[in-house]
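**Student:** Provided below are the primary sequence and the corresponding predicted coordinates.
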Amino acid sequence: MAEEIKKTASETKPETTVVVVSDVPDSEKESTSQTEPASVVVSDVPEAEKELTPQTEQASETDKGKSTPVIESASSFKEESNKVEELPNPEQKALAELKELVRDALNKHEFTAPVVEEKKETALVVEEKKEAEPVVEEKKETVPVVESKKEAEPVVEEKKETVPVVESKKEAEPVEKKEAVPVVEVKKEAEPVVEEKKEAEPVVEEKKEAAPVVEEKKEGEPAAPAEKVTEKVAAKEEDSAKTVEEIKETIVEVTGTASSAQVVEEKQTEEDVQPPAPAPAPEEVSIWGIPLLADERSDVILLKFLRARDFKVKDAFAMLKSVVSWRKEFNIDQLLEEDLSGLGLEKVVYNHGVDKEGHPVCYNAFGAFQDNELYQNTFADKEKMNKFLRWRIQFMEKSIRNLDFSPDGICTFVQVIDLKNSPGLYLFKKELRQATNRALQLLQDNYPEFVAKQVFINVPWWYPAYYRMINVLFTTRTKSKFVFAGASRSAETLFRYIVPEQVPVQYGGLSREGEHEFTIADPATEDTIKPASKHTIEFPVTEKTNLAWEARVIGWDVSYGAEFVPSAEGGYTIIVEKSRKVTAASETVITNNYIATEPGKVVLTFDNQTSKRKKLVYRTKTKPSD
């Protein structure tokens, strides 16, 4: 019988629990609408973000005129599917293109190759080639000099003036063997000689007319002097011819050496371009423990980069390469093995429970840095600040390794940012501001699409101004996941995404450390206590039943009592707990039990005499009595 009661209570608890409140409306819809917190969208949120934000909800009358600003923007962002077959066609096409780029990069070893250094080296080679090009052009320009000298060959009498040119060429002889540049300069100096020859053409004609006189002298008696003259002229012609031939030979040698050098370079480049060795195997690159293109989990990783860049394939690929490069520079593999315990940061950032959709919940409580000793140990100098950043990245990496990257798995977190006890924390503590901004930037750049929802609770009055300053650090898609709530609405806001039994007790939930009667596996019920009214909850029990219950009111400041009312007529009501005033400072969660000796009901009474409505969470379970 006890087992049947236990089964019935666990399966149909909402139906068997009777709430008797004279001033509470019967409509559940009205009660639900009153529990919804008001939304105030930050004025500088872009229009694209405003479209993702639902209509501002109606605030209750008791919340009007509060001094604490509530900048809650509960967007309608819904996490997309990671199953490829469920993606729209454009997104499927973008994923296929990105996979092709990644495959090509793996084949070419672009993820590990020093791309920047190679580009610099090739640039230097190009510059060297460009510097060598003018030398070749100058050599080509020396060809007309030879031609002009060829035209001057018939001029026999004017070869006397070419003698200085021969001397200058003799000076250039040692240059002919090694350096081609001096030869070019000598040839340039020889250009005025060509012009002089052109000016001497009329003289040549006059000397041609005098040629018969030489012949007449040959016929005359004094032949010997004439023969000497002709012999001298012939010798000079031979010398000039030799000089011309020597110039031709030097040009041929220079051009020949240059062409042979070019041939050698071309052969070397051909050998470099077409190596005889087989192509290397594709490189293996893993990120967050998932090898790229190995299986369907890789598709989930690539979709994160595509969504972070609005499905712009080239931008997503560039981000992927940047993240892989950063992970090598940051030595992520070594960081995972590094011992960073003992920093006292376990209460600053920690994981606790899951949300209603199964996402792990990560809490960030920066109010802990009000402890001056902890603050100095964390941010006193640059070395300690860098150690904090390494600890934060290590925490993120270890948390990611616990995610399921299968297409139907959970691969994102819910982040809760607690700003309680942090008035002016970011504005006046420079070291903390610098460290958190740097950590935010690292997480934004290298961990795309790992946040399903980011809830800011206990938001102080100064935070809207600070949010406007850091607003530029986030993309529109990221900001659409932000939810802000002031201190009076923090617990209710968390309950919208996380069940009360999974929320830590310091944030209004029922989850506590240590061994207790109830655990996370025991479900809780939410309710609302209206202002200036009594709220009662009835738990029916049978004979020989041990009924345990746990309850809390957010903010308390109400009176609480419990009693047992027997079902039999004329039975006496038994006071289980005398009515008493409970404040937020006195208790957080009330736990008790009652062993029934006869059928009846246990009644819990909450008397709220304040002008504010209260949030109530409770849970019960039955155990067989000994």
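**Tutor:** Happy to help now that I have it.
**Student:** make it CA atoms for all contacts and neighbour counts henceforth
**Tutor:** OK.
**Student:** wait, L302 sits on A96?
**Tutor:** No - if you go by C-alpha atoms under 8 Å, L302 and A96 don't touch, sitting 10.0 Å apart.
**Student:** higher neighbour count, these two?
**Tutor:** More crowded of L302 and A96, by other C-alpha atoms under 10 Å: L302, with 21 against 15.
**Student:** could you measure A548 against G509, distance?
**Tutor:** Counting by C-alpha to C-alpha, to the nearest Å, the gap from A548 to G509 is 18 Å.
**Student:** More neighbours: which of those two?
**Tutor:** G509 (27 against 17).
**Student:** Show the model's pLDDT score for the more buried one.
**Tutor:** For G509, the pLDDT comes out at 96.
**Student:** just checking, it is part of a strand?
**Tutor:** No - counting by DSSP: H, G, I helix; E, B strand; the rest coil, G509 is not found in a strand; it is coil.
**Student:** Excluding sequence neighbours, find me the nearest residue to T583.
**Tutor:** The shortest distance from T583 to any non-neighbouring residue, by C-alpha to C-alpha, 6 or more residues apart in numbering, is to D557 (4.5 Å).
**Student:** same question, A548
**Tutor:** The shortest distance from A548 to any residue other than its chain neighbours is 4.0 Å, reached at N593 (C-alpha to C-alpha, 6+ apart).
**Student:** mind listing what that neighbour touches?
**Tutor:** By C-alpha atoms under 8 Å, 6 or more residues apart in numbering, N593 lies in contact with N546, L547, A548, W549.
**Student:** Next one: N89 from L95, what distance?
**Tutor:** Note on N89: its distance to L95, by C-alpha to C-alpha, is 10 Å.
**Student:** repeat for N377
**Tutor:** Distance from N377 to L95, counting by C-alpha to C-alpha: 45 Å.
**Student:** Quick check on those two: which one has the bigger neighbour count.
**Tutor:** L95 (24 against 14).
**Student:** Where does that one fall, secondary structure wise?
**Tutor:** helix 89-107 (DSSP states H and E).
**Student:** Just the buried positions in that helix, please.
**Tutor:** Buried positions in helix 89-107, judged by neighbour count with 16 or more other C-alpha atoms under 10 Å: E91, Q92, A94, L95, L98, K99, V102, R103, A105, L106, N107.
**Student:** number of nearby residues for the closest residue to M319 other than its chain neighbours?
**Tutor:** Excluding the flanking residues, the one nearest M319 by C-alpha to C-alpha, 6+ apart is F305, at 7.1 Å. Residues lying near F305 (other C-alpha under 10 Å) number 26.
**Student:** go on, Y467?
**Tutor:** Counted with other C-alpha under 10 Å, the neighbours of Y467 add up to 12.
**Student:** Please tell me how far T412 sits from L293.
**Tutor:** 20 Å.
**Student:** secondary structure class for I575?
**Tutor:** Going by three-state DSSP: I575 is strand.
**Student:** which residue sits closest to it in space, ignoring its chain neighbours?
**Tutor:** Nearest to I575 is E563, by C-alpha to C-alpha, 6+ apart, at 4.3 Å.
**Student:** Just the CA coordinates for the helix or strand harbouring the one you found, please, in CSV.
**Tutor:** Here E563 sits within strand 558-566, counting by DSSP H and E. In CSV, the C-alpha atoms belonging to strand 558-566 read as follows (Å, rounded to 0.1, in the frame of the first residue of the first chain):
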residue,chain,number,x,y,z
VAL,A,558,6.8,35.9,5.1
SER,A,559,5.3,33.8,7.9
TYR,A,560,5.4,30.0,7.6
GLY,A,561,3.7,27.2,9.5
ALA,A,562,2.7,23.5,9.0
GLU,A,563,0.0,21.3,10.5
PHE,A,564,-1.6,17.9,10.0
VAL,A,565,-5.4,17.7,9.6
PRO,A,566,-6.9,14.2,10.0
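**Student:** List of residues touching that strand?
**Tutor:** By C-alpha under 8 Å, 6+ apart, the list of residues contacting strand 558-566 from outside reads 571-583, 598-610.
**Student:** Which members of those residues occur in helices, if any?
**Tutor:** Among these, none falls in helices (DSSP state H).
**Student:** Show the buried residues in these.
**Tutor:** Burial by neighbour count, 16+ other C-alpha under 10 Å: within those this picks out 576, 579, 582, 598-608.
**Student:** For the residue nearest to A548, give me the pLDDT.
**Tutor:** pLDDT, N593: 94.
**Student:** what residue ranges in the stretch 401-550 of the chain are flagged as low confidence?
**Tutor:** Under the criterion pLDDT under 70, the flagged ranges of the stretch 401-550 of the chain are 423-428.
**Student:** Does the strand or helix carrying T528 pack against any helices or strands, and if so which?
**Tutor:** Taking DSSP H and E as the criterion, T528 maps to strand 525-529. Where contact means 3 or more C-alpha pairs under 8 Å, 6 or more residues apart in numbering; DSSP states H and E, strand 525-529 is packed against strand 614-624.
**Student:** Return the set of buried residues in the strand it packs on.
**Tutor:** Neighbour-count burial for strand 614-624 [16+ other C-alpha under 10 Å]: K614, K615, L616, V617, Y618, R619, T620, K621, T622, K623.
**Student:** ok, the fifth one - contacts?
**Tutor:** The neighbourhood of Y618, defined by C-alpha under 8 Å, 6+ apart, consists of A524, T525, E526, W549, E550, A551, R552.
**Student:** right, and the helix or strand after the strand or helix carrying the residue nearest to M319?
**Tutor:** For F305, the element it lies in under DSSP H and E is helix 296-308. Next in sequence after helix 296-308, counting helices and strands by DSSP H and E, comes helix 313-329.
**Student:** what residues does the following helix or strand past that next one touch?
**Tutor:** Counting by DSSP H and E, the next helix or strand C-terminal to helix 313-329 is helix 332-337. Helix 332-337 has contacts (C-alpha under 8 Å, 6+ apart) with R390, Q394, E397, K398.
**Student:** Next one: the closest residue to the last one other than its chain neighbours from F395, what distance?
**Tutor:** Put plainly, it is K398. Once flanking residues are discounted, K398 sits nearest to L336: 7.3 Å by C-alpha to C-alpha, 6+ apart. Distance from L336 to F395, counting by C-alpha to C-alpha: 9 Å.
**Student:** how does this protein divide into domains?
**Tutor:** Domain assignment for the chain by the TED database gives 84-110+286-496, 525-624.
**Student:** out of these, nearest to Q502?
**Tutor:** Ranking the domains of the chain by proximity to Q502 (C-alpha to C-alpha) places domain 84-110+286-496 first, at 5.4 Å.
**Student:** what's the first-to-last distance across the closest one?
**Tutor:** One end of domain 84-110+286-496 to the other measures 30 Å (C-alpha to C-alpha).
**Student:** low-scoring stretches of the chain, by residue?
**Tutor:** Within the chain, the stretches with pLDDT under 70 are 1-76, 113-279, 423-428, 626.
**Student:** picking that back up, now the contacts of helix 332-337 as CSV including distance to R489 and neighbour count?
**Tutor:** As requested, the contacts of helix 332-337 are exported to CSV (distance: C-alpha to C-alpha, whole Å; neighbours: other C-alpha atoms under 10 Å):
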residue, distance to R489, neighbour count
R390, 34, 19
Q394, 32, 21
E397, 32, 18
K398, 32, 12
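**Student:** hang on, the earlier thing: helix or strand for the residue nearest to A548, just tell me which one.
**Tutor:** With DSSP H and E as the test, N593 turns up in strand 590-596.
**Student:** Just checking: what are the partner strands of that strand?
**Tutor:** strand 545-553 (antiparallel) (DSSP bridges).
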